[in-house]
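# Whatever this is, show me its structure:
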Amino acid sequence: MSHGKQFTLYTCQPGGPNGWKVAIVLEELGLTYESIYLDLKNGESRSPEHTKYNPNGRIPTLIDHKNNEFVIWESNAIILYLISKYDPEHKISVTTEGDKFQLTQWLFFQASGQGPYYGQASWFVYSHPEKIESAKERYMNETLRILGVLESVLSKQEWLVGGKATVADLSFITWNQAALIIVLPNKEGFDFHKDFPAVFAWHAKLEARDSVKKIAAVRAAFQR
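Just a heads-up that it's a prediction; the model follows:
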């Protein structure tokens, strides 16, 4: 099978933070890819054309055409695959055993903490057909708790692991962007700069990276 680009990324637009964070990592590593944007509302991610690659029927899914059509899904598993095979210079990964375990720790925390809580907060604030104030309050408070965990670490060091920006940091950016647009404006008195100054500074540095700005521009084009 011949492909002009090394990877095919099954994702969605304009939302879907998990797909966009994989795109950011692909950009960081200078890897070529084609994005196929599935319409989640119409069930395209659960169609046979996609589930033949990803039985979970969710996005993202990545196919590496230069590695025997290797298929991998779950966003942070994809990220670990990409840095393992395609970051020999450790541009956005780490080298020591301890740092590698800590990087994995942060990816697990992002996947088990930030993503689910921010996602539920977004759902109950923005999409749920009934207004359930207790659910909104619970998940908005959990969103603030996750920011507090990050603040407790980033107030003492510039980056999460290894003394530099890595995929540990980049894995958080798209979900933080979503929360700042959808969830946190609904929290009375929330002041990102004042309440979480270290996270605010870290977030700004990540948003200033070329990869993040490029993906933000692609996302914005879908909303015009």
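# alpha carbons only for contacts and neighbour counts from here, please
Noted.
# so what secondary structure elements neighbour the worst-scoring helix or strand of the chain on mean pLDDT?
The weakest-scoring helix or strand in the chain, judged by mean pLDDT, DSSP states H and E, is helix 115-122 (a mean of 89). Counting contacts by 3 or more CA pairs under 8 Å, 6 or more residues apart in numbering; DSSP states H and E, helix 115-122 is packed against helix 133-154.
# next helix or strand past the helix it packs on?
Following helix 133-154 in sequence order, the next helix or strand is helix 167-178 (DSSP states H and E).
# what does the following helix or strand past that following helix rub up against?
Reading on from helix 167-178 to the C-terminus, the next helix or strand found by DSSP H and E is helix 192-195. Outside helix 192-195, the residues that touch it by CA atoms under 8 Å, 6 or more residues apart in numbering are Phe200.
# let's see it at 10 Å
For helix 192-195, contacts defined as CA atoms under 10 Å, 6 or more residues apart in numbering pick out 144, 147-148, 151, 180, 184-185, 189, 198-201.
# Now do the buried residues in it.
Phe192 (16 or more other CA atoms under 10 Å).
# same check, this time on stretch 191-209
Neighbour count says stretch 191-209 has 192, 196, 198-203, 206-207 buried, by 16+ other CA under 10 Å.
# now stretch 104-111
Those would be 104, 106-107, 110-111, for stretch 104-111 by 16+ other CA under 10 Å.
# any low-confidence regions in the chain?
By pLDDT under 70, the low-scoring segments of the chain are 1-2, 224.
# Walk me through the domains of it.
Split into domains by automatic domain parsing, the chain comes to 7-91+214-222, 97-209.
# and the first one, how far out from the chain's middle?
Which is domain 7-91+214-222. 11 Å (CA atoms, centre = their mean, to the nearest Å).
# now do stretch 189-208
Averaged C-alpha coordinates place stretch 189-208 at 17 Å from its chain's average position (CA atoms, centre = their mean).
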